[in-house]
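A.B. asks: the sequence and its predicted three-dimensional model are supplied below.
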Amino acid sequence: MKEFFVNVTRYPRYLIAFSLGVFNSVFEPLARRRSNPVTAVALVGALISGMVSLTLVLRAMVQLGPVS
């Protein structure tokens, strides 16, 4: 695993191309389905839900005290 990260840091263009490929493969099917209003609302709801979940997880990871 260490060799993988050494290789990635040595070749930043590979990392950028890989990241763009992943984003393209994820967002291209979603972009085709945005014309339907019901699907668009569901996608916006999923995006907001994901952002809230990520925020709550990151806050829980940073806080040193118990979650109240």
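C.D. replies: Cool, got the structure. Numbering: from 1, shown residues only.

A.B. asks: helix or strand: which one has residue 54?
C.D. replies: According to DSSP states H and E, residue 54 maps onto helix 37-62.

A.B. asks: per-residue confidence averaged over that helix?
C.D. replies: Helix 37-62 comes out with an average pLDDT of 88.

A.B. asks: how much space between residue 30 and residue 43?
C.D. replies: Noted for residue 30: a distance of 6 Å to residue 43, by Cβ to Cβ, to the nearest Å. Backbone N, C-alpha and C define where each C-beta goes, glycine included.

A.B. asks: please disregard the earlier target; I meant residue 2.
C.D. replies: 38 Å.

A.B. asks: check residue 17 too.
C.D. replies: Taking Cβ to Cβ as the measure, residue 17 falls 26 Å from residue 43.

A.B. asks: same deal with residue 24?
C.D. replies: Using Cβ to Cβ, we find residue 24 at a distance of 17 Å from residue 43.

A.B. asks: quick one: list the elements packing against the helix holding residue 54.
C.D. replies: Secondary-structure packing of helix 37-62 (3 or more Cβ pairs under 8 Å, 6 or more residues apart in numbering; DSSP states H and E): no helix or strand packs against it.
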